[in-house]
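Asks: this is the structure alone, sequence omitted:
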């Protein structure tokens, strides 16, 4: 048993810190740390910096421009980048479609798409969920019918995160209705500019435009955009979902949110004293910090066990549940910490360029919205109920 | 023992229910919320024409002489409709403060207007540093000639943006957290030196922070005895808490009805999702929380208008604690059971969820009231 980083790992951590000290734009870090909105341009600017450093594609083999990090190195990166206020990487291209293309795509697809993901030329979004297919993803109905050199696609996708920025979408489509649900699905890549594709915003409960509906009406997609074999898409989809699930526990983000909470609670007053000195509030913070410590170690145990290169299994489902509950608990406390000021919704104060007086605390404005927005954490990426089903089936054999 | 409403109370509740059903569709509410007023002037007018703004006041003022149960009947239905009108702020809290402390002249001047709905009051008791402690008052009122000069800031005054009358607490003596030395003043928001920063709230209503900058008021602005308002504030905040509890029950009823409908309609894996045991049990928990909340709302209504005592204090603290916890549970569990659709602006559930969280931030959250209750705990 040894829970310490090796000398090499410590050196890597120093390298990461030096890079972030030098290259992370302060305005972007301030937005991330203050839970403000990031623009498309913010994401692209940062991605370019990461790409130039060669640190953008951490799940890819080196031959395609990836960087060969061990699971521990990835973990160090995650920890440090959250601590510094690095923007959450938009995973749909680099961490979702790319691993599928690398594993199941043909050489042409690799040559065509991977460099464009690295350079930031393409912004991908995900076409998985449908209005009638959420947790029961395999029941999806978007239809792709082969017509000569093309598929004709009709249907609708939903919850498409940041689809308004995307120029590419990867979709699960039904190519065969004669077989079991899981056996008639294909994995199709589409250009968002193809005639017949329409994006409509979905406004979430706190008033943000983050997700979208995407409609497909007689969309002609060249057959060369099929990844792997027709009707085998479910296998690829599941492979992708394991990648999705690994990052979903959000341990690094919880640590950043916790330190933000503690700073906030040090500034806010209760009975004339800093809230963080209040016995009941400090106990609430303590409890969530303890839970986070445990989850962080669980995370390290998973990382250590896949150090050999395996794909994490049902353990990551358990960690997704715990991790999202912890982050939601931190968001709950941050909202509570501002007391009556949880009520005002001051959109102007969300803007980093805002120069007026802050109504209460400079970081108060996003807190309620963030609490509501992060209710999504236990719903997306496979709802926490679905994760528990996976655990009970795969680990417990129930 | 009989927990049913009597005939008059039932009629009252039915009247409000009909009005809300007829006038307050979800779509209309979204429209009301986006206006500058932030609610429906027309609906307020109808509340007043039906005598509902006069419910808690004496018959001389054209009121019903209603108590906690009558107020509860009105508030529960306003909750079911997610109504945005400042009924609690103006009628229950503002009206209550004037009713308890006002002299004949002040009552004639203001209370009749509040009861008829022609005058809307808003009440500023919190301050930026006060958290939920209503005795934490740093706004100062200094005597000048016959009147006073007010300086300070009142935080998150719901309905303050459109009020005709603003009631604020200010310190005429004592240190910032002492109960002694707090006074109440009623003034027009148009008075020189009153500045309002108006904003929407997370639950679709509107409020403001009020800065008082050398605001000069006459002696007739003082409500009740100078320096002796802490008890009055505590008492009337208690009535407002009971009203909020009733509203919350109405909100929770709708939240649960919507969730149950969804569990029956939404199909995944070939069956309605309500067939899954994990969702069944969560729905049962939501119902149990609602019943706990309903019981405490009834209990709080029963003490809302009784004489102040530690027992009344305990009941109100307990009620607001249960309402806060139940509200957050139903809000979060309901969103989770709906999945993505529960996260959207277009569908009404999220707006019920937001109101439940907002109620927990009004007049003290569940933590605040737990602590208050613990401080009043009886050894045996």
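Replies: Right, received. Where do you want to start? These numbers come from a predicted model, not from an experiment. Numbers count the residues shown, from 1 in each chain, chains lettered A, B, ... in the order given.

Asks: state the distance from whichever residue of the stretch 201-350 of chain A sits closest to chain B to residue B:338.
Replies: At 3.6 Å from chain B, residue A:205 is the closest residue in the stretch 201-350 of chain A, using CB to the nearest CB. C-beta here means a position set from N, CA and C on the backbone, and glycine is covered the same way. Distance of residue A:205 to residue B:338, computed by CB to CB, to the nearest Å: 11 Å.

Asks: before we move on, back to that, what is the neighbour count of the residue of the stretch 201-350 of chain A closest to chain B?
Replies: 23 (other CB atoms under 10 Å in any protein chain shown).

Asks: before we move on, what about the one 5 residues further on?
Replies: Residues within reach of residue A:210, counting by other CB under 10 Å, total 19.

Asks: ok, it - contacts?
Replies: Contact analysis of residue A:210 by CB atoms under 8 Å, 6 or more residues apart in numbering or on different chains lists A:161, A:162, A:204, A:373.

Asks: identify, from those, the entry nearest to residue A:229.
Replies: Proximity of these to residue A:229 (CB to CB) peaks at residue A:161, which lies at 27.5 Å.

Asks: pick out the residue nearest the middle of chain A.
Replies: In chain A, the residue lying closest to the centroid (CA atoms, centre = their mean) is residue A:91, at 5.8 Å.

Asks: hmm, the helix ranked longest in chain A touching chain B?
Replies: Looking across chain A with DSSP state H, the single longest helix is helix A:279-305. Yes: counting by CB under 8 Å from any CB of the partner chain, chain B is contacted by helix A:279-305 at A:280, A:281, A:284.

Asks: what about that helix, average pLDDT?
Replies: Averaging pLDDT along helix A:279-305 gives 92.

Asks: one more: stretch B:294-301?
Replies: So the average pLDDT for stretch B:294-301 ends up being 97.

Asks: tell me the gap between it and the middle of its chain.
Replies: The gap between where stretch B:294-301 is centred and where its chain is centred comes out at 15 Å by CA atoms, centre = their mean, to the nearest Å.

Asks: so what touches that stretch?
Replies: With contacts defined as CB under 8 Å, 6+ apart, stretch B:294-301 is touched by B:3, B:67-69, B:71-72, B:76, B:241-242, B:245-246, B:248-249, B:315-316, B:318-320, B:322-323.

Asks: which parts of that stretch are buried?
Replies: B:294, B:296, B:297, B:298, B:299, B:300, B:301 (16 or more other CB atoms under 10 Å in any protein chain shown).

Asks: buried residues, stretch B:261-270. List them.
Replies: For stretch B:261-270, by 16+ other CB under 10 Å, it's B:262, B:263, B:266, B:268.

Asks: how about stretch A:205-215?
Replies: A:205, A:206, A:208, A:210, A:211, A:212, A:213, A:214, A:215.

Asks: same thing with stretch B:306-319?
Replies: For stretch B:306-319, using 16+ other CB under 10 Å, the buried residues are B:312, B:313, B:314, B:315, B:316, B:317, B:318, B:319.

Asks: can you report phi and psi for the second one?
Replies: With angles defined as degrees, to the nearest 10, residue B:313 sits at phi -60, psi -40.

Asks: flag the shaky bits of the stretch 101-250 of chain A, pLDDT-wise.
Replies: Scanning the stretch 101-250 of chain A for pLDDT under 70 picks out the ranges A:242-247.

Asks: what about the helices in it?
Replies: Assigned by DSSP state H, counting those that start in this stretch, the helices in the stretch 101-250 of chain A fall at A:107-119, A:233-248.

Asks: just these: most buried one?
Replies: Per-residue neighbour counts averaged over each of those give the maximum for helix A:233-248, namely a mean of 19 (mean count of other CB atoms under 10 Å in any protein chain shown).

Asks: next SSE downstream of it?
Replies: With elements assigned by DSSP states H and E, the helix or strand that comes after helix A:233-248 is helix A:251-267.

Asks: and for that following helix, what's in contact with it?
Replies: By CB under 8 Å, 6+ apart, helix A:251-267 touches A:33, A:35, A:78-79, A:81-83, A:85, A:88, A:274-276, A:281-282, A:285, A:288-289, A:292, A:295-296, A:299, A:323, A:326-327, A:330-331, A:333-334, A:337-338, A:361, A:363.

Asks: filter the residues you listed to the buried ones?
Replies: A:33, A:35, A:78-79, A:81-82, A:85, A:275-276, A:281, A:285, A:288-289, A:292, A:295-296, A:299, A:323, A:326-327, A:330-331, A:333-334, A:337-338, A:361, A:363.

Asks: in stretch A:298-317, what's buried?
Replies: Quick answer for stretch A:298-317 (16+ other CB under 10 Å): A:298, A:299, A:302, A:303, A:306, A:312, A:313, A:314, A:315, A:316, A:317.
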